[in-house]
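J.: The following block contains a protein sequence and its predicted model.
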Amino acid sequence: MLKMCLNWKVLAGLAAVAVGIYALVPGAFAAAAPVLFLAACPLSMLVMMKMMSTDSSQGSQPASPPGRGTAPSANPDDLSAELQRLQARQTAVADQLDALRRDERQDA
């Protein structure tokens, strides 16, 4: 169960800090050890959140479909044709939605 909460990198870092405190100020080690022990879980959680945000930000940028987009050098005739095609598709989808709603009303 503790394996899920604690990150080994955080534990290694806290152990290094504990060794440093013990080597430099041995009298303060008794006061610092409980604090380091209690800090292990929250610090591990912060490290894991950072790793998750880094992973999600790398894969969250969808690739734009090839041949789409409005480049500054786009031909106005091509854009007009694309607009008409999209409007026709929108009308077809709206008609399908209306038909589905009519079917639902008839079934109810």
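T.: Done, it's in. Computed from a prediction, not measured in an experiment: that's the story for all the values here. Numbers count the residues shown, from 1 in each chain.
J.: Domain boundaries for the chain, per the record?
T.: For the chain, automatic domain parsing gives the domain ranges 2-56, 75-108.
J.: Identify, out of these, the most deeply packed stretch.
T.: Highest mean neighbour count among the domains of the chain (mean count of other Cβ atoms under 10 Å): domain 2-56, with a mean of 12. C-beta coordinates here come from the backbone N, C-alpha and C atoms, glycine included.
J.: those helices in this structure, which residues are they?
T.: Secondary structure of the chain, counting by DSSP state H: helices at 2-5, 8-24, 29-59, 76-107.
J.: ok, back up a step: by mean pLDDT, show me the worst of the domains of the chain.
T.: Of all the domains of the chain, the minimum mean pLDDT falls on domain 2-56 (a mean of 86).
J.: List the contacts of stretch 32-42.
T.: Stretch 32-42 is contacted by residues 5-6, 10-11, 14, 17-18, 21 when judged by Cβ atoms under 8 Å, 6 or more residues apart in numbering.
J.: how about these in CSV, adding distance to Arg89?
T.: Output for the contacts of stretch 32-42, formatted as CSV (distance: Cβ to Cβ, whole Å):
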residue, distance to Arg89
Cys5, 50
Leu6, 53
Val10, 52
Leu11, 56
Leu14, 58
Val17, 61
Ala18, 65
Ile21, 67
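J.: Widest-spaced pair of these?
T.: Pairwise distances across those (Cβ to Cβ) peak at 23.1 Å, for the pair Cys5 and Ile21.
J.: Taking the centroid of this structure, which residue is nearest it?
T.: With distances taken as Cα atoms, centre = their mean, Ser56 lies nearest the centre of the chain, 3.4 Å away.
J.: State the distance from Asp77 to Ala28.
T.: 78 Å (Cβ to Cβ, to the nearest Å).
J.: An error on my part: the question was meant for Ala81.
T.: With Cβ to Cβ as the criterion, Ala81 and Ala28 are 76 Å apart.
J.: if we can go back for a sec, show me what contacts the residue nearest to the centre of the chain?
T.: With Cβ under 8 Å, 6+ apart, Ser56 has no contacts at all.
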